[in-house]
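1. Sequence and computational prediction follow.
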Number of protein chains: 2
Amino acid sequence: MKTKIALGVDIGGTNVAFGLCDEKGTSFFESSVPTKSFASPELLVDEIYSVIENQGLLDSLVGIGVGAPNGNINTGSIEFAPNLPWKGSIPLAALFEARFGIKAIVTNDANAAAIGEMIYGNAKDLKDFVLITLGTGLGSGIVANGKLIYGHDGFAGEYGHFRVIPDGRSCGCGRKGCLETYVSATGVVRSAMELNSPNKDVSALSRLESISAQDVFELATSGDAFAEEIVDFTAEKLGGALADYTCFSSPASYILFGGIAQNGAPFADKVKTYMEQHILNIYQDKIEIRVSALHDKNAAVLGSCSLVWNELN
Amino acid sequence: MKTKIALGVDIGGTNVAFGLCDEKGTSFFESSVPTKSFASPELLVDEIYSVIENQGLLDSLVGIGVGAPNGNINTGSIEFAPNLPWKGSIPLAALFEARFGIKAIVTNDANAAAIGEMIYGNAKDLKDFVLITLGTGLGSGIVANGKLIYGHDGFAGEYGHFRVIPDGRSCGCGRKGCLETYVSATGVVRSAMELNSPNKDVSALSRLESISAQDVFELATSGDAFAEEIVDFTAEKLGGALADYTCFSSPASYILFGGIAQNGAPFADKVKTYMEQHILNIYQDKIEIRVSALHDKNAAVLGSCSLVWNELN
């Protein structure tokens, strides 16, 4: 019997990563192409088809999973994606299905990561968890009763736009105080600019030509007091928000994924400490903060492949 | 073939209401007893058994649904219920099962109401909705993908303890700024005391010997300006909170149940207006605010009966 293989595609503003893997997560092929080099999504699909055809594995393909910003499982389309070169609603599932002749499924990247964590990563034992992606922004994939929550319109899990500070920082969405303006790579840089502290002037951050979230986390690890304060502030905002989130779906675990989460246990432990300080008594000392197990793998492609095994069949 | 009948029991701090109904919601019997007249939960179960036995319908009973504050479906028990006369963890499902010899299921009253709305009420057409109970406090039952979300520990849906104002009003839970300190019968009375307005001194509320949320809503309807401001403040707090909640499970509808929700469409419309002002653009003009269809029926007993049809089978 032939091994069944899934094609996973992760569409980002800069690159489109894609690859082939089986249900165990064994990778057979991986590649990526620059997103902006394709004038239309049809040309992108043609290119991916041509590359996969050259691998001689088309016969083993059983489905295609696509993770993309604002990908919507109900419509199979990307909708309102500000960072992609193609305008309007893009019917990606239909384009892939027409070209490959097999089923395709589209959802957002955080949902794909949550399913990936459930199939291949640190959520194999969990029926109720929330995966939090900490990248340029903050995304989330919510799993309850072992199923991903898509919402009535396919747009559930926009946790980055939960407002945590009334009239707080301005967000790209036009509202104020959204969680991702504090807890994300851009949020961390903003905190470096906005926070005041006696330690700011003597911090190494004040002598850099440019500041990234990674700079802040590395300096915090090496003992820079102002950088430590920023990491602490970020962890408090996330911990407080997770304490409140728990009132909704009461997950067994939060899994931190990508970007600043790659700093691992020390950040997750801080988040846990603040979460416990703010959480309702019935939830105390019950809920874990885990770090993704997919950071050292091609998590985006694995997550997209996992959609085929979990959501398509 | 005999009609299948469920026993529904709603345990409150003042009364225990119970009744028999079939899957269509036809009621065969209803009664209630004062909670505090039973020195132990065993005696309560004995009394209910004796009353139901007298109805001659024991043979038709297929299951027992129990709604109770802090009722937990995983354990079948009531845990930490401050308003009940019996202390500690109360294994209600086991007590009912032992006495009646049929299956029993226990969950909190808001979850029971959500299932009741899905089986008998205003959510028959919905797979994704949130029922909000507005009573002494604020409770919620979350339905996603057609299933109630219980959470990993059975305690999901504690929406009343979502904090909406940092360092806001003190809550009975020991934290500050919880939604139910603003949006509930007690929250409305608190607003009448705390809010200031040029209209306060001339309001009829300032001439009452005691103030209830119902007084505030009735005076608002009759044009009392300060009462209108309180209703408006309450609607804004709830509308803003629902706007943020939408980022999680993106329900098609919120259904307002009990207490101040019985004021019907005018309050629901105000909540909707504020929700739309605060909501993320991708959700705009998509999400309904409905009022429960069970207000004119014995909603609590129906909700508990519905557990038998939806959660037990």
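-> It's in. Residues are numbered from 1 along each chain as shown, chains lettered A, B, ... in the order given.
2. name the helices or strands packed onto the lowest-mean-pLDDT helix or strand in chain A?
-> When the helices and strands of chain A are compared on mean pLDDT, DSSP states H and E, helix A:299-307 comes out lowest with a mean of 89. Packing contacts for helix A:299-307, counted by 3 or more C-beta pairs under 8 Å, 6 or more residues apart in numbering or on different chains; DSSP states H and E, involve strand A:5-11, strand A:15-21, strand A:27-34, strand A:61-67, helix A:109-120. C-beta: built from backbone N, CA, C; applies to glycine.
3. residues in the stretch 151-300 of chain A within reach of chain B, list them.
-> Taking C-beta under 8 Å from any C-beta of the partner chain as the contact definition, the stretch 151-300 of chain A meets chain B at A:151-163, A:165-166, A:173-175, A:244-245, A:247-252, A:278, A:280-283, A:286-287.
4. Same list (the helices and strands packed on helix A:299-307) but as JSON lines, adding distance to B:Glu180, mean pLDDT and mean neighbour count.
-> Converted to JSON lines, these look like this (distance: least, C-beta to C-beta, whole Å; pLDDT from 0 to 100; neighbours: other C-beta atoms under 10 Å in any protein chain shown):
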{"stretch": "strand A:5-11", "distance to B:Glu180": "41", "mean pLDDT": "95", "mean neighbour count": "26"}
{"stretch": "strand A:15-21", "distance to B:Glu180": "45", "mean pLDDT": "93", "mean neighbour count": "22"}
{"stretch": "strand A:27-34", "distance to B:Glu180": "49", "mean pLDDT": "93", "mean neighbour count": "14"}
{"stretch": "strand A:61-67", "distance to B:Glu180": "38", "mean pLDDT": "96", "mean neighbour count": "25"}
{"stretch": "helix A:109-120", "distance to B:Glu180": "30", "mean pLDDT": "92", "mean neighbour count": "28"}
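5. Kindly reformat these as JSON lines containing distance to chain B.
-> Below are the helices and strands packed on helix A:299-307 laid out as JSON lines (distance: least, C-beta to the nearest C-beta, whole Å):
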{"stretch": "strand A:5-11", "distance to chain B": "18"}
{"stretch": "strand A:15-21", "distance to chain B": "23"}
{"stretch": "strand A:27-34", "distance to chain B": "27"}
{"stretch": "strand A:61-67", "distance to chain B": "18"}
{"stretch": "helix A:109-120", "distance to chain B": "12"}
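6. Could you say which one of those comes nearest to A:Ile90?
-> strand A:5-11 (9.3 Å; C-beta to C-beta).
7. Show me what the closest one is packed against.
-> strand A:15-21, helix A:41-54, strand A:61-67, helix A:92-100, helix A:299-307.
8. can you give me the mean pLDDT across the helix of greatest length in chain A?
-> In chain A, taking DSSP state H as the definition, the longest helix is helix A:225-249. Averaged across helix A:225-249, pLDDT comes to 96.
9. next one: stretch A:142-159
-> Rounded mean pLDDT across stretch A:142-159 is 94.
10. that older thread, now do the least confident helix or strand of chain A: distance to the chain's middle.
-> 11 Å (C-alpha atoms, centre = their mean, to the nearest Å).
11. just the strands in the stretch 51-200 of chain A please.
-> Per DSSP state E, counting those that start in this stretch, the stretch 51-200 of chain A carries strands over the ranges A:61-67, A:71-72, A:77-78, A:104-107, A:129-134, A:138-144, A:147-148.
12. okay if I get these as JSON lines plus distance to A:Glu209?
-> Shown next, in JSON lines, are the strands of the stretch 51-200 of chain A (distance: least, C-beta to C-beta, whole Å):
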{"stretch": "strand A:61-67", "distance to A:Glu209": "34"}
{"stretch": "strand A:71-72", "distance to A:Glu209": "36"}
{"stretch": "strand A:77-78", "distance to A:Glu209": "36"}
{"stretch": "strand A:104-107", "distance to A:Glu209": "39"}
{"stretch": "strand A:129-134", "distance to A:Glu209": "24"}
{"stretch": "strand A:138-144", "distance to A:Glu209": "27"}
{"stretch": "strand A:147-148", "distance to A:Glu209": "42"}
